[in-house]
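**Student:** Got a sequence here, can you build the structure:
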Amino acid sequence: MQIEKKDIRALSKDQLRDFFVANNDKAFRGNQVYEWLWSKGAHSFEDMTNVAKTTRSMLEENFVINHIKVDTMQRSSDGTVKNAVRLHDGLVVESVLIPTETRTTACVSSQVGCSLDCNFCATARLKRMRNLEPGEIYDQILAIDKESRLYHNHPLSNIVFMGMGEPLMNYNNVIKAIDMVTSPEGLGMSPKRIMLSTSGIPKMIKKMADDDVKFKLAVSLHSAIDEIRAKIMPFSKNFPLKDLREALEYWYRKTKSKISYEYVVWKGINDDKASVDALVKFCKYVPCKVNLIEYNPIDDGEFQQASEESILAYITALENIGVVVKVRRSRGKDIDAACGQLANKEADSV
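**Tutor:** Next up is the predicted model:
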């Protein structure tokens, strides 16, 4: 029976060095291979041109590189690029490059499908197949960095975890990917240019604070009234707003990092005065800003974009208490809408 080879990117640099020593080679060879895997983004062992052919053959015998492949790429007239990313086992996730005049943002996925049940989200209709590995998350970012350089003449400037899946339900792998993105041995990006968007899992928000993460936090809130939020996001019945509030207060005490609330206003759901007043009250608990998001309907069902008057009511009420509000207009409307709310995120969300 053939033994399945391990993805070499699951090994740390020290483990790679130990592997070479155990196979009668020099420890520094591990450094070389590690650089090829992460900094240079090698797709195969044959790419490692300064590594001896016999060494590359030994690596081929023992390991694989489960690299992603951009299966299809769609470019919008506004510069947005959507990638359908095929994984080594044939499953597909999506990532998006979102440009503005001054920056480019990678919107990346953390799971194949999603285990949550947000009724407005296309990804929630897909069964969660598995978590993405750190290398698969990193590869999405590396691919978008190359596209940013190719189409916009500058490197990737920001990253948002707002794609398929709930990042906090793949916590360890997401953190490992971010560690590599921010490492000088990876992309060397500042963690302040990275934002993780969660649907709001209190104990994991507290864990992030305890782990002293340096990236930014966004919460998909969509209502500050438990009953309405539970209709929009049924899983939130297990995470009432009082628990979320406590976790966010804990986050701010530990990190002193302002929170962003992602908030879609829907016609007949959360476009009334009671919803506005509830959000205003919720925003007083922790220093924050609010991103009001234009909604891309996924069907002709109950979730439809609210009127401009409703949006204006939110803006006025929030600005009256000193909260910064931005309205996110949908990007890439002339290409297929990305799963979840990927296409709805503008690049200055970090």
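**Student:** first to last residue in stretch 147-159, what's the distance?
**Tutor:** End-to-end distance for stretch 147-159, by Cα to Cα, to the nearest Å: 14 Å.
**Student:** Could you tell me the average pLDDT over that stretch, please?
**Tutor:** Average pLDDT, stretch 147-159: 94.
**Student:** Which positions within it qualify as buried?
**Tutor:** Residues 147, 148, 152, 156, 157, 158, 159 are the ones in stretch 147-159 that count as buried (16 or more other Cβ atoms under 10 Å). The way it works is simple: take the backbone N, C-alpha and C, and place the C-beta from them, glycine included.
**Student:** Looks to me like the last one is in a strand.
**Tutor:** Yes - when DSSP: H, G, I helix; E, B strand; the rest coil is applied, residue 159 is found to be in a strand.
**Student:** Would you map the strands across this structure?
**Tutor:** Secondary structure of the chain, counting by DSSP state E: strands at 6-7, 63-64, 69-75, 81-86, 92-99, 104-107, 111-112, 130-131, 158-161, 194-198, 216-220, 259-264, 288-293, 324-328.
**Student:** how big is the angle separating the longest one from strand 69-75?
**Tutor:** Spelled out, it's strand 92-99. Counting by axes from the mean of the first three to the mean of the last three Cα atoms, to 10 degrees, strand 92-99 lies at 40 degrees to strand 69-75.
**Student:** what inclination does strand 92-99 have with respect to strand 81-86?
**Tutor:** Inter-element angle recorded for strand 92-99 and strand 81-86: 160 degrees (by the same axes, to 10 degrees).
**Student:** Helices of the chain, residue ranges please.
**Tutor:** 13-22, 28-37, 53-62, 134-152, 171-182, 202-210, 226-232, 241-255, 273-283, 308-320 (DSSP state H).
**Student:** Could you dump those into CSV and include distance to residue 84?
**Tutor:** As requested, those are arranged in CSV below (distance: least, Cβ to Cβ, whole Å):
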stretch, distance to residue 84
helix 13-22, 31
helix 28-37, 24
helix 53-62, 28
helix 134-152, 11
helix 171-182, 20
helix 202-210, 28
helix 226-232, 27
helix 241-255, 33
helix 273-283, 35
helix 308-320, 32
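**Student:** Return the most buried member of the ones you listed.
**Tutor:** helix 134-152 (a mean of 21; mean count of other Cβ atoms under 10 Å).
**Student:** was I right about residue 235 contacting residue 200?
**Tutor:** No - the criterion here is Cβ atoms under 8 Å, and residue 235 misses it with residue 200 at 9.3 Å.
**Student:** between these two, which one's more packed in?
**Tutor:** Using other Cβ atoms under 10 Å, the more surrounded residue of residue 235 and residue 200 is residue 200, with 25 against 16.
**Student:** Need phi/psi at the nearest residue to residue 244 once chain neighbours are set aside.
**Tutor:** Nearest in space to residue 244, with sequence neighbours left out and distances taken as Cβ to Cβ, 6 or more residues apart in numbering, is residue 200 at 4.9 Å. Main-chain torsions, residue 200, degrees, to the nearest 10: phi 110, psi 80.
**Student:** Repeat that for residue 213.
**Tutor:** phi -70, psi 150.
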